[in-house]
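Asks: Next one to model:
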Amino acid sequence: MSRVLQQFPVGLCRNTRAAPGSAYGEAERAILNRAEGAAARRIIEAWPGYRATPLYSLPGLAAAIGIAELWYKDEAGRFGLGSFKALGGAYAVYRLLAAKIADGIGRIPSAAELLSGQYRAMTGDIVVTSATDGNHGRSVAWGAQQFGCRAVIYIHATVSEGRCRAIAGYGAEVVRIAGNYDDSVHHCAAEAVRRGWQVVSDTSYEGYRDVPRMVMQGYSVMAAEAVDELGAGIKPSHVFLQGGVGGLAAAVVAELWEAWGKDRPRFIVVEPERADCLYQSALAGRPTKSEGDLETLMAGLAAGEVSLLAWDILKRGAEFFMIIPDAAAVAAMRLLAAGVGGDAPVVGGEAGVGGLAGVLAAAADHPTREAIGLDGASRVMVFGSEGATDPELYRRIVGRSPQAVG
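Replies: I've put the predicted structure just below:
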C-alpha cells in the first residue's frame, strides 16, 4: 500500500435502485434541469466578483493512491465566502426578492437593480431566515445584505464561534439554540411561520420544495463550470460527493447525468459515520433518518434528515453510498495541504474534503476499491466545497494557518 494511504473503517452500500447506463429521466428533469441551471448561471455570472472557481489536476496524489487522474474543484474562493454555498442561498434570496418586487412593478428586476438599492423601500422589511452549520447561513446573510432585506440565522449548540462571527459579519441576526442541526431546522421553520418570515433552506421537506430547488439550481453552476473546465470529450469515471442533506450531491449528479447521459460517471456519496441519513435511506429504499448523534468534525455534513428533493434524484442517480470516520477527513486535509508528489498545496476545510476523504478511504480498502471499480485507469473528480471557513480550527488540524498553506 502507498505510504499516502491509511486504513479507515468504511461502510459501503450499493444502491440497487440506481440505474447506471440510463438516460436522465423526466422525473429528475422536473426537479433540476440544465436549462434552468443555465439561467441561474447567467444571473450569478453577472454578480460583482463572479469568477469560475478552479478545477485542479492533482497528478501526484492520483499516482500515490493508484488512479490515473484526480480533479479537485476548489470552492474556497467563491465570492469571498469560502464555500460553494454562496451559489445557493444568495441565489434563492435574489429570486424571492425579485418575485416580490415583480408583484409591484410587473416585471422581474435584474440583480444589478437590486444591488443598486433602488428597491430597498420594497424589500427592507422582508426577513429571510435559515438554520445552518455555518456556510449556508453565511450565504443567506450575504445575499440579504447584497439584495436589500433582513436575515435571521439560527445556529445550533456546536457551531463554532468563528462561524457565528462570520455570519454576523454580513449583518444578520444570529440566534443560537440548544440541540443539533435538525433541531435548528425545525425551530427555524416554526419561528418563520409565527413571524411571517421567509425560510431559505437548502433542505426540502413535505410542503416546502420551491426554495430548496432554487438553492440547488445555484449549486448546479459549480458542476456546469467543471464540465467546461474539463473540456470536450473529457469526463471522469467516478465522482465522489459529500452528503449532508443531499443538496450538493443531487445538484452535481443532475448536471453531470443530464450532460453525459448514459455515459455518466459512477457517483459515490460520502457521509460521516455519525451523520448518515443518505446511507440509511439507501439501505431502506426510502428517506430515513440517521440514528447517529450527528457529532462530526465535518460540521457542514452533520445532517440527520435527507432533503426529499435531493433524494428523488439520488435514489436513481447515485450508485454507491459510503460512510467514513472523521479521521479520513483529517488525512485528506493534511494531504491537500502538503502537496503530494509535487502537487500545489490546496486549502480544504473539514466538510469540503468529504469527497476526497471518501476516495482515500476507498482506495485503501481492497473490498471497497474492487466493488466500486477503482483502479489504475480510474479518473476521479471531487468537489472541494469549502476552504478554511473556520481558520483557527483549520490551523489546529493541519498544523499551519490557511495563509501559510495557500
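Asks: what about residue 165, how many neighbours?
Replies: 11 (other C-beta atoms under 10 Å). C-betas here are computed from N, CA, C, even on glycine.
Asks: Which element, helix or strand, includes it?
Replies: Using DSSP states H and E, residue 165 maps to helix 161-168.
Asks: model confidence over that helix, on average?
Replies: Averaging pLDDT along helix 161-168 gives 92.
Asks: which is the next helix or strand following that helix?
Replies: strand 173-176.
Asks: Export only the CA atoms of the next helix or strand after that following strand, formatted as CSV.
Replies: Downstream of strand 173-176, the next assigned helix or strand under DSSP H and E is helix 181-195. Taking Å, rounded to 0.1, in the frame of the first residue of the first chain, the C-alpha atoms of helix 181-195 are listed here in CSV:
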residue,chain,number,x,y,z
TYR,A,181,-28.6,20.8,13.2
ASP,A,182,-32.0,19.1,12.7
ASP,A,183,-33.3,20.8,15.9
SER,A,184,-32.3,24.2,14.5
VAL,A,185,-34.1,23.4,11.2
HIS,A,186,-37.4,22.7,13.0
HIS,A,187,-37.0,25.7,15.3
CYS,A,188,-36.3,28.0,12.3
ALA,A,189,-39.4,26.7,10.4
ALA,A,190,-41.6,27.2,13.4
GLU,A,191,-40.4,30.8,14.0
ALA,A,192,-40.8,31.6,10.4
VAL,A,193,-44.5,30.6,10.5
ARG,A,194,-45.1,32.5,13.7
ARG,A,195,-43.4,35.7,12.5
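Asks: could you say what helices and strands the following helix or strand past helix 181-195 packs with?
Replies: Later in the chain than helix 181-195, the nearest helix or strand by DSSP H and E is strand 198-199. Applying 3 or more C-beta pairs under 8 Å, 6 or more residues apart in numbering; DSSP states H and E, one finds that strand 198-199 contacts strand 127-132, helix 181-195.
Asks: Quick one: the ones you listed as JSON lines, columns for mean pLDDT, distance to residue 365 and mean neighbour count too.
Replies: JSON lines is the format used below for those (pLDDT from 0 to 100; distance: least, C-beta to C-beta, whole Å; neighbours: other C-beta atoms under 10 Å):
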{"stretch": "strand 127-132", "mean pLDDT": "96", "distance to residue 365": "33", "mean neighbour count": "26"}
{"stretch": "helix 181-195", "mean pLDDT": "93", "distance to residue 365": "28", "mean neighbour count": "18"}
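Asks: Helices along the stretch 1-150 of the chain, start to end?
Replies: With DSSP state H, counting those that start in this stretch, the ranges of helices along the stretch 1-150 of the chain come out as 26-29, 34-45, 59-65, 89-105, 111-116, 120-123, 135-147.
Asks: Run through the neighbouring helices and strands of the fifth one.
Replies: Secondary-structure packing of helix 111-116 (3+ C-beta pairs under 8 Å, 6+ apart): helix 89-105, helix 135-147.
Asks: quick one on the thing from earlier: for the helix holding residue 165, which positions count as buried?
Replies: 163, 164, 166, 167 (16 or more other C-beta atoms under 10 Å).
Asks: of those, closest to residue 351?
Replies: residue 163 (11.2 Å; C-beta to C-beta).
Asks: Ignoring the adjacent residues along the chain, who's closest to that closest one?
Replies: residue 134 (3.6 Å; C-beta to C-beta, 6 or more residues apart in numbering).
Asks: Per-residue pLDDT of residue 1, please?
Replies: 63.
Asks: Quick check: which ranges of this structure have low pLDDT?
Replies: Along the chain, the model assigns pLDDT under 70 to residues 1.
Asks: which stretch of helix or strand covers the residue nearest the centre of it?
Replies: By C-alpha atoms, centre = their mean, the chain has its centre lying nearest to residue 248, at 3.7 Å. Using DSSP H and E, the element containing residue 248 is helix 247-260.
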